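Student: following is a predicted model, sequence given first.
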Amino acid sequence: MLTKKEIEEILEKTGVMNTGHFLLTSGRHSDKYMQVSRIFEYPEYAEALCKELPSKFGEKPDIVIGPAIGAIQMSYETARQFGARCFFAEREEGVMTLRRGFHIEEGKKVLVVEDVITTGGTVREVIDLVKKAGGVVIGVASVVDRSMGKVDFGVPFKAVYSADIKSWEPDECELCKKGIPFIKPGSRKIK
């Protein structure tokens, strides 16, 4: 088990934490952005962090699934740690779908993963997809939880690292009020 200090050292070494003015995928604004995908540049760190997850869940999933693009690598490494199959969900015409021949058999236990969670919107879409396909969602896992455990998915939610990072609705953003321009670093278009 890694200590919080060891996890923070990995996040620092890999350039995960950025400061500035950011438009998050959730639509909220923040003065910090965690580019968690940077961890996956370093297989040894990806392995170390994802190795933390099996001990946090009481049962082994049959399938680990995450949304493309951000959680593809995490779903692979987490599935490897559990000894499970690895899927990823993709957007097709704005709707989260299973493509590329992925198929969830009725009753299969599924762990949904995401690299970083702020509001959980994308994860909820994947949960709905898994349930419609007949899978049983046994939990949600992330490398970083920006919500400090405030997001409720209706199943156990575990993170390797929780961060209390402030974010604002656009009309309440302190940085916008100061006229500081934002950047949008994520991969998904904002509605």
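Tutor: Received, thanks. Numbers count the residues shown, from 1 in each chain.

Student: switch to C-alpha atoms for all contacts and neighbour counts from now on
Tutor: Will do.

Student: and the helices in this structure?
Tutor: Per DSSP state H, the chain carries helices over the ranges 4-13, 43-50, 72-82, 121-132, 174-177.

Student: quick check: mean pLDDT of the shortest one?
Tutor: So the one you mean is helix 174-177. The average pLDDT for helix 174-177 rounds to 94.

Student: still on that earlier bit, most packed of the helices of the chain?
Tutor: Ranked by mean neighbour count under mean count of other Cα atoms under 10 Å, these are led by helix 72-82, which reaches a mean of 23.

Student: what does that helix rub up against?
Tutor: Residues from elsewhere that reach helix 72-82, judged by Cα atoms under 8 Å, 6 or more residues apart in numbering: 40, 46-47, 50-51, 53-54, 60-61, 63-66, 85-88, 113-115.

Student: columns distance to D145 on top of the helices of the chain, output as CSV?
Tutor: Shown next, in CSV, are the helices of the chain (distance: least, Cα to Cα, whole Å):
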stretch, distance to D145
helix 4-13, 13
helix 43-50, 13
helix 72-82, 14
helix 121-132, 12
helix 174-177, 22
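
Student: and the residue nearest to R124 when sequence neighbours are not counted, what does it touch?
Tutor: Distances taken as Cα to Cα, 6 or more residues apart in numbering put F153 closest to R124, at 7.1 Å, once the chain neighbours are dropped. F153 makes contact with 120, 124, 140, according to Cα under 8 Å, 6+ apart.

Student: make it 10 Å
Tutor: 120-121, 123-124, 127, 137, 139-140 (Cα atoms under 10 Å, 6 or more residues apart in numbering).

Student: go ahead and flag the most central residue of this structure.
Tutor: Taking Cα atoms, centre = their mean, the centroid of the chain lies closest to E114, which sits 2.0 Å from it.

Student: for L175, see how far away that residue is.
Tutor: Here E114 is placed at a distance of 27 Å from L175 (Cα to Cα, to the nearest Å).

Student: what's the span of stretch 87-105, first residue to last?
Tutor: 13 Å.

Student: same question, stretch 136-155
Tutor: Stretch 136-155 end-to-end distance (Cα to Cα) = 10 Å.

Student: do stretch 86-99 as well
Tutor: 13 Å.

Student: mean confidence score for that stretch?
Tutor: pLDDT averaged over stretch 86-99 gives 93.

Student: how about it: buried residues?
Tutor: 86-90, 96-98 (16 or more other Cα atoms under 10 Å).

Student: related to what we said a few turns ago, just the contacts of helix 72-82: which are in strands?
Tutor: 63-66, 85-88, 113-115 (DSSP state E).

Student: out of those residues, what pair is the most spread apart?
Tutor: In those, two members sit farther apart than any others by Cα to Cα. They are R85 and D115, at 17.8 Å.
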